[in-house]
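J.: I'll drop the sequence and a predicted model, then ask my questions.
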Amino acid sequence: MLYAFLKLIFRITLRVFFRQYKVVNRHLIPKKGPLIVVSNHPSTFMDPIIAASLLKQEVYFIAKGTLFNTRFKNWAMSNIMNAIPVYRQQDNPSKLKQNDAIFERCFEFLEQKGTLIIFPEGTSINERRLREIKTGTARIALGAEARNDFDLGVSILTIGVNYSDASTFRSDVWVNIDEPIEVKEFKEAYHQDAFKAVRALTEVIRQRLEKNLIITEDDTEDEFVQQIEAIYKNQLIADLDLDPKEHAFTLTRGIVDAVKHFEEMDVTRVETLKGKVSSYMTQLGELDLEDSFLAQDKKRKRNIFRDSVWMLVTLILGFPLYLYGLINNYIPYILPSKIAALLTKDEEYVGPIKMTSGIFTFSLFYALQTYLFHQYLSPNEWWTLAYALSLPISGFFAMGYWQHSGKFLKHWRLISLFYQKTAEIGSLLQQRTAIIEILEEAKVEYFEEK
């Protein structure tokens, strides 16, 4: 009962925490076990929440043993998170013998048509990489099938989770689901050589995950890809007439693939482009500007002054509602960030802590505010209901207003710079035009070769 309630709460919270929560191929998810779900692991507790929320059935997690190192953590992980500990050599060698019993427990769980969630990378690091896939998933799946003469029907579902920024409220996440892997197809290979069968199944899992992830080689390449996205992604969307929400993952993946392609074909050309992009982005940062303010909209001729005036009008008209939303939502909004800062310095934990603590801060404050309003200010229940409904609505408005005001200030800064630093702005526009020309040429070549 508690598990079902928490799942419902987290399903709602995920929709609130992320601005865009996109799930591709949800229909491929089996409705019952025996099933093993495997996912990449960039965000320690956010990934399990997302994976579990996608499944109708109750699930159990395989988690590293260090998360069970106190009595309270052991109780919470076992009874609330449905987690099963696995011990690693680097954590506690003395407990490695317990893993045999854990594997036995997993076999029995799958034989009871249960669903397990495993993160085969073993560790959580917030980066666009896929680390080495451990063999534990394949060993559990093949071991369970071998005990049942490969008639159990275990399948493995791979899920690729891609965050724009897992630690930030109202960021984006794209979840890609692939066709289930039928473990019984490895029966002959297992009987011939169990070790090779485990390695082969592990390799299939790796390939499935890799296919559904945005993967960069290192931090340098990742930074370059993000810069290209900032400069060129919106133009690609317009040129190819794509829906930005539907194709955000595909476009980013395409940019990564194109960068890798040209690095292999003409590394000098890529390094030259990197230098131009880096210089352009550095000058933008020094002037406290964003590339989007220099971009030209192909659908209409941009007028910075007219846009800024319109933004000012909307800010003036919306200020009363912004103030109302700010007063009613500031404390429950800011507390999760403070709590996360106090509890951890690890980026992988920040997002989940913010989201989880936000469930409590907003629930408690909204309940208290509604109660006080009803007790001292409300003439009847309808006014109380209207006030309660206004709290989240005004909160989202206040956040949008704050972002809108930030864009307005940068618009006016750009206008002032046009007059104060005409040469610098002209240089930036020339640099941007040169970069776009290089990218356009590369796009044509890439599509012709593909």
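T.: The structure has been received and is ready for your questions. Everything numeric here is computed off the predicted structure, so don't read it as measured data.
J.: helix or strand with the lowest mean pLDDT in the protein?
T.: Least confident helix or strand, the chain: helix 71-79 with a mean of 68, by mean pLDDT, DSSP states H and E.
J.: helix or strand right after it?
T.: strand 83-86 (DSSP states H and E).
J.: can I get stretch 111-124 in PDB, CA atoms only?
T.: Extracted as PDB, the C-alpha positions of stretch 111-124 are listed here (Å, rounded to 0.1, in the frame of the first residue of the first chain):
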ATOM      1  CA  GLU A 111      10.600 -17.600 -10.600                       C
ATOM      2  CA  GLN A 112       7.700 -15.900  -8.800                       C
ATOM      3  CA  LYS A 113       7.200 -13.700 -11.900                       C
ATOM      4  CA  GLY A 114       8.800 -10.700 -10.200                       C
ATOM      5  CA  THR A 115      10.400  -7.600 -11.700                       C
ATOM      6  CA  LEU A 116      13.900  -6.400 -10.900                       C
ATOM      7  CA  ILE A 117      15.600  -3.100 -11.800                       C
ATOM      8  CA  ILE A 118      19.400  -3.200 -12.100                       C
ATOM      9  CA  PHE A 119      21.900  -0.500 -13.000                       C
ATOM     10  CA  PRO A 120      24.700  -2.500 -14.600                       C
ATOM     11  CA  GLU A 121      27.200   0.300 -14.600                       C
ATOM     12  CA  GLY A 122      27.400  -0.200 -10.800                       C
ATOM     13  CA  THR A 123      28.100   3.400 -10.000                       C
ATOM     14  CA  SER A 124      26.400   6.700 -10.600                       C
END
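J.: and residue 62, what pLDDT?
T.: With respect to pLDDT, residue 62 scores 79.
J.: paired strands for the strand or helix carrying it, with orientation please.
T.: Assigned by DSSP H and E, residue 62 belongs to strand 60-64. Strand pairing for strand 60-64, determined by DSSP bridges: strand 83-86 (parallel), strand 115-118 (parallel).
J.: tell me how far it lies from the chain's centre.
T.: Mean-position distance between strand 60-64 and its chain equals 20 Å (C-alpha atoms, centre = their mean, to the nearest Å).
J.: check stretch 316-323 too.
T.: Remark: stretch 316-323 is offset 32 Å from the chain centroid, using C-alpha atoms, centre = their mean.
J.: now do stretch 207-222
T.: 14 Å.
J.: how is the chain partitioned into domains?
T.: 2-211, 219-287+433-449, 304-420 (automatic domain parsing).
J.: now the strands for the chain?
T.: Secondary structure of the chain, counting by DSSP state E: strands at 18-24, 35-39, 60-64, 83-86, 115-118, 155-163, 171-177, 181-182.
J.: adding mean neighbour count and distance to residue 247, write the ones you listed out as a markdown table.
T.: No exception for glycine: its C-beta is placed from N, CA and C like everyone else's. As requested, those are exported to a markdown table (neighbours: other C-beta atoms under 10 Å; distance: least, C-beta to C-beta, whole Å):
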| stretch | mean neighbour count | distance to residue 247 |
| --- | --- | --- |
| strand 18-24 | 16 | 10 |
| strand 35-39 | 26 | 22 |
| strand 60-64 | 20 | 32 |
| strand 83-86 | 21 | 36 |
| strand 115-118 | 24 | 28 |
| strand 155-163 | 23 | 13 |
| strand 171-177 | 21 | 10 |
| strand 181-182 | 16 | 27 |
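J.: and of those, who's closest to residue 364?
T.: Nearest to residue 364, of all these, is strand 18-24, at 22.3 Å by C-beta to C-beta.
J.: who does the closest one pair up with?
T.: Its sheet considered, strand 18-24 pairs with strand 171-177 (parallel) by DSSP bridges.
J.: just the C-alphas of the strand it pairs with, formatted as CSV.
T.: Written as CSV, here are the backbone C-alpha positions of strand 171-177 (Å, rounded to 0.1, in the frame of the first residue of the first chain):
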residue,chain,number,x,y,z
SER,A,171,14.9,20.7,-16.8
ASP,A,172,14.2,18.0,-19.4
VAL,A,173,14.5,14.2,-19.5
TRP,A,174,14.1,11.8,-22.4
VAL,A,175,13.5,8.1,-21.7
ASN,A,176,14.1,5.7,-24.6
ILE,A,177,12.8,2.1,-24.3
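J.: just want the angle from that strand to strand 35-39.
T.: 140 degrees (axes from the mean of the first three to the mean of the last three C-alpha atoms, to 10 degrees).
J.: distance to residue 278 and mean pLDDT added to the strands paired with strand 60-64, as TSV?
T.: Output for the strands paired with strand 60-64, formatted as TSV (distance: least, C-beta to C-beta, whole Å; pLDDT from 0 to 100):
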stretch	distance to residue 278	mean pLDDT
strand 83-86	43	73
strand 115-118	40	93
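J.: would TSV of the ones you listed with distance to residue 341 be doable?
T.: Formatted as TSV, the strands paired with strand 60-64 follow (distance: least, C-beta to C-beta, whole Å):
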stretch	distance to residue 341
strand 83-86	26
strand 115-118	29
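J.: residue 217 is nearest to which of these?
T.: Per C-beta to C-beta, nearest to residue 217 of those: strand 115-118, 25.7 Å.
J.: okay, how far is it across stretch 101-120, tip to tip?
T.: Its first and final residues considered, stretch 101-120 spans 19 Å by C-alpha to C-alpha, to the nearest Å.
J.: ok now stretch 141-150, how far from the chain's centre?
T.: With C-alpha atoms, centre = their mean, you get 34 Å for stretch 141-150.
J.: how about that stretch as PDB, C-alpha atoms only?
T.: Only the C-alpha atoms of stretch 141-150 are listed here, as PDB (Å, rounded to 0.1, in the frame of the first residue of the first chain):
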ATOM      1  CA  ALA A 141      19.000 -13.700 -15.900                       C
ATOM      2  CA  LEU A 142      20.900 -16.800 -17.300                       C
ATOM      3  CA  GLY A 143      21.200 -18.400 -13.900                       C
ATOM      4  CA  ALA A 144      17.400 -18.100 -13.300                       C
ATOM      5  CA  GLU A 145      16.700 -19.600 -16.700                       C
ATOM      6  CA  ALA A 146      19.200 -22.400 -16.300                       C
ATOM      7  CA  ARG A 147      17.500 -23.500 -13.100                       C
ATOM      8  CA  ASN A 148      14.300 -23.800 -15.000                       C
ATOM      9  CA  ASP A 149      15.600 -25.400 -18.200                       C
ATOM     10  CA  PHE A 150      15.200 -22.100 -20.000                       C
END
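J.: avg pLDDT for that stretch?
T.: Per-residue pLDDT over stretch 141-150 has a mean of 96.
J.: how about the helices in the stretch 301-450 of the chain?
T.: 304-343, 347-376, 381-420, 422-449 (DSSP state H, counting those that start in this stretch).
J.: so which of those comes closest to residue 61?
T.: Of all the helices of the stretch 301-450 of the chain, it is helix 347-376 that lies closest to residue 61, at 13.6 Å by C-beta to C-beta.
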